[in-house]
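Q: the following comprises the amino acid sequence and a computationally predicted model.
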Amino acid sequence: MTININLDVILAKRKMKSNELAKLVGITEQNLSILKTGKARAIRVSTLDAICKHLECQPGDILEYTNDE
């Protein structure tokens, strides 16, 4: 089981830089980078809510489940 983070794709579609999103969401650029690379062990619902709000997307646009079998 793998959860893929497609944040880079959405940022590119919205022509927004990571540092701009981090400021809007209220998290550090480092924490956003950890999330983008898939190294985050968890994400707060409030953070996901803020990301979706500022990128005008749905959580399913960012998070994708793939079965490794």
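A: Happy to help now that I have it.
Q: ok now stretch 5-24, how far from the chain's centre?
A: 8 Å (CA atoms, centre = their mean, to the nearest Å).
Q: now that stretch: average pLDDT?
A: The average pLDDT for stretch 5-24 rounds to 96.
Q: identify the residues contacting the longest helix seen in the chain?
A: The single longest helix within the chain, with elements called by DSSP state H, is helix 45-55. With contact meaning CB atoms under 8 Å, 6 or more residues apart in numbering, helix 45-55 is reached by 7, 10-11, 14, 16, 21, 24-27, 58-59, 61-62. Glycine gets a C-beta too; all of them are placed from N, C-alpha and C.
Q: what separation is there between the closest residue to Lys36 other than its chain neighbours and Ile27?
A: Residue nearest to Lys36 in three dimensions, not counting chain neighbours: Leu7, with 4.7 Å by CB to CB, 6 or more residues apart in numbering. Here Leu7 is placed at a distance of 12 Å from Ile27 (CB to CB, to the nearest Å).
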